[in-house]
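A.B. asks: sequence first, then the predicted structure, then my questions.
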Amino acid sequence: MRYRTRVTAPAAALIGTAAALAGAPSAQAAPTAGEPAARKKPGTPGPETLGDRVYPALGNDGYRVSAYDLDFSYDPASRLVDAKVTLRLRTTQALSRFALDSLGLDIRSVRVQGRAAAFEQVEEKLRITPARTLPDKSSATVCVEYSADPRRIPQPLTGWVDTLDGFAVCGQPNLAHTVFPCNDHPSDKADFTFRITVPAGLRGVASGLLVRTETLSGGRTAYTYRSREPMATELVQITVGDYVIKERQGPHGLPLRDVVPAARAAALEPALALTPGLVEWLEARLGAYPFETYGLLPCNSDAPNAFDFTGLETQTLTLYKPNYLLQEESKIGSHMMHELVHSYFGNSVSPADWADLWINEGHADFYGLLYRYERGWTDSLGLSTMEARMKNTYAQGDQWRRTSGPVAAPNAANLFDSQRYLGGVLVLYALRNLVGEATFNTLERTFLARYRNASASTEDYIAVASEVAGQDLGGFLRDWLYGTKTPRMPGHPDWTVTPVSASLAPGRRSTARSHDNSATL
């Protein structure tokens, strides 16, 4: 998970020049001549929002995407990407116009059902007017051709990571649409196919499994990857670089593949070799790993500002800063577990709304800390047990609720504060204390099984917890998740909360642009 504050602002404010972002209206295709007016304008424009509580402008309604086909061609001389994305969607209303999320991309053409469509770029939306209205409950194919410069917008305002020999992508939470036009919300998961064309000496890799390699003219190679399971746009990984692919076997024959800068392969091997044991430990608690493969992608950049997070759980690959993984196991193992847990909480089961982020991060830190303490590794505070860390966190509960809001009520400015991480762990710890470890373990697996390959909300988690525990846990969990005061901790009536400091005004936060708030670091 990335640990940073995201800024959401109009396109011009992000970059300062509308031209650089294609913020001005783009060239438009003319409507088909002679077409009857009744065919042009029945239906209504689709809503340009999905009503997310944290990012209300994110996503679009009126349709759902079933599949994306992305075709990227990378030119190392210009450092530009020539791209085409083809979406297969299903309408949920008759659409005279619809939108995709898109920012900072040079759109060349749009076709809907094979016909040229009018389009314009307005702030972070690509508005598309098809030649014919799309009927309700119908399938449609949308093809967008464009180009992109991974260096155009600096981190952290883009989903591109510029590297020494190519790029990687990091779309979380709301940046996938700076890489490809899409319905950029985790509630609209889809199948993905990626085709990446690169010149000799470079390798293209993406989420999923390699299904085809093509040798092309001019020494170029095209690599095609396909996801077996649906994916949220923010979890997509596409990377180009001088890589070697290191393969090994995980538990039950799970294929593991790491995508490693060729010059660093030997140095990174000790960290990469930890993955089979991590998967085995987690499968014993949460069940079989939910995807077709797993591995690490140590991005080929040591620049301190290459990206402002330590690890990011793109689906089937975790993006890392290489130097972080050069440390000894006790320094990295807990966080490697944190990122692996996201394959279950966050990737297989995605948040229905970004306000549900605590489910992702609370669980990732919960199991990451359990793994740390089982191995006798002290944490950053010098503590060596979950109980000791939770007592420390509990004491800060009211202060965090004042400065960062309740656990399940973030905003865009504090989304990645510690409250979503350790605050989420504290909720899970309280729940486990209340219902017992056996019931807690059952409800975790039940939740994962019920919402696999889908998205789930905080209310969905509360409902599963109540069902499995055989009692209504709504009041208990809502107090912990939405209350402005920290509830009593089950099993620890002696624990106390430190009074809120009067010197800290509500909402006051660190002014640092980036921050690592996972307790597993």
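C.D. replies: Done, it's in.
A.B. asks: which residues sit in contact with residue 440?
C.D. replies: Listed by C-beta atoms under 8 Å, 6 or more residues apart in numbering, the contact partners of residue 440 are 428, 431-432. For the C-beta atoms, the positions are set from N, CA and C on the backbone; glycine is no exception.
A.B. asks: so which helix or strand takes in it?
C.D. replies: Using DSSP states H and E, residue 440 falls within helix 437-450.
A.B. asks: report the buried residues of that helix.
C.D. replies: Using 16 or more other C-beta atoms under 10 Å as the test for burial, helix 437-450 gives 439-440, 443-444, 447-448.
A.B. asks: over to stretch 371-381?
C.D. replies: Of the residues in stretch 371-381, those with enough neighbours to count as buried (16+ other C-beta under 10 Å) are 371-373, 379.
A.B. asks: do stretch 407-424 as well
C.D. replies: 407-410, 412-424.
A.B. asks: likewise stretch 269-285?
C.D. replies: Within stretch 269-285, the residues that count as buried by 16+ other C-beta under 10 Å are 271-272, 274-276, 278-279, 281-283.
A.B. asks: residue ranges with poor pLDDT in the stretch 1-150 of the chain?
C.D. replies: 1-41 (pLDDT under 70).
A.B. asks: mind redoing it with 90?
C.D. replies: For the stretch 1-150 of the chain, applying pLDDT under 90 flags the ranges 1-42.
A.B. asks: then the chain?
C.D. replies: 1-42, 152-157, 300-310, 501-517.
A.B. asks: hey, where'd the helices end up in the stretch 251-400 of the chain?
C.D. replies: Using DSSP state H, counting those that start in this stretch, the helices assigned to the stretch 251-400 of the chain run over residues 265-272, 275-286, 329-341, 357-374, 386-395, 397-404.
A.B. asks: picking that back up, wait, which of the contacts of residue 440 is closest to residue 466?
C.D. replies: residue 431 (10.9 Å; C-beta to C-beta).
A.B. asks: tell me the secondary structure at the closest one.
C.D. replies: helix (DSSP: H, G, I helix; E, B strand; the rest coil).
A.B. asks: that one contacts residue 465, correct?
C.D. replies: Yes: contact criterion C-beta atoms under 8 Å: residue 431 and residue 465 qualify, at 6.6 Å.
A.B. asks: find residues that contact each of those two.
C.D. replies: Common contacts of residue 431 and residue 465, defined by C-beta under 8 Å, 6+ apart, comprise 473, 477.
A.B. asks: could I get the buried residues of helix 437-450 as a markdown table with distance to residue 401?
C.D. replies: Formatted as a markdown table, the buried residues of helix 437-450 follow (distance: C-beta to C-beta, whole Å):
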| residue | distance to residue 401 |
| --- | --- |
| 439 | 27 |
| 440 | 23 |
| 443 | 25 |
| 444 | 25 |
| 447 | 25 |
| 448 | 28 |
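A.B. asks: quick one, the helix holding residue 440 and helix 275-286 angle?
C.D. replies: Relative orientation of helix 437-450 versus helix 275-286 (axes from the mean of the first three to the mean of the last three C-alpha atoms, to 10 degrees): 110 degrees.
A.B. asks: helix 437-450 vs helix 357-374, what angle?
C.D. replies: 130 degrees.
A.B. asks: give the other helices and strands that the helix or strand following helix 437-450 contacts.
C.D. replies: Counting by DSSP H and E, the next helix or strand C-terminal to helix 437-450 is strand 454-456. Secondary-structure packing of strand 454-456 (3 or more C-beta pairs under 8 Å, 6 or more residues apart in numbering; DSSP states H and E): strand 349-351.
A.B. asks: on that earlier part again, format the CA atom coordinates belonging to the helix holding residue 440 as CSV.
C.D. replies: Extracted C-alpha coordinates of helix 437-450, given in CSV (Å, rounded to 0.1, in the frame of the first residue of the first chain):
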residue,chain,number,x,y,z
GLU,A,437,-9.9,-16.4,18.2
ALA,A,438,-11.7,-19.4,16.6
THR,A,439,-14.8,-17.4,15.7
PHE,A,440,-12.6,-14.5,14.5
ASN,A,441,-10.6,-16.8,12.2
THR,A,442,-13.9,-18.3,10.8
LEU,A,443,-15.4,-14.9,10.1
GLU,A,444,-12.2,-13.7,8.3
ARG,A,445,-12.3,-16.7,5.9
THR,A,446,-16.0,-16.4,5.4
PHE,A,447,-15.7,-12.7,4.5
LEU,A,448,-12.9,-13.5,2.0
ALA,A,449,-14.8,-16.4,0.4
ARG,A,450,-18.1,-14.5,0.1
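A.B. asks: and the end-to-end length of stretch 191-206?
C.D. replies: Across stretch 191-206, the terminal residues are separated by 13 Å (C-alpha to C-alpha, to the nearest Å).
A.B. asks: and what of stretch 231-248?
C.D. replies: Note: stretch 231-248 ends 24 Å apart using C-alpha to C-alpha.
A.B. asks: just the buried positions in that stretch, please.
C.D. replies: Within stretch 231-248, judged by 16+ other C-beta under 10 Å, the buried ones are 231-243, 246.
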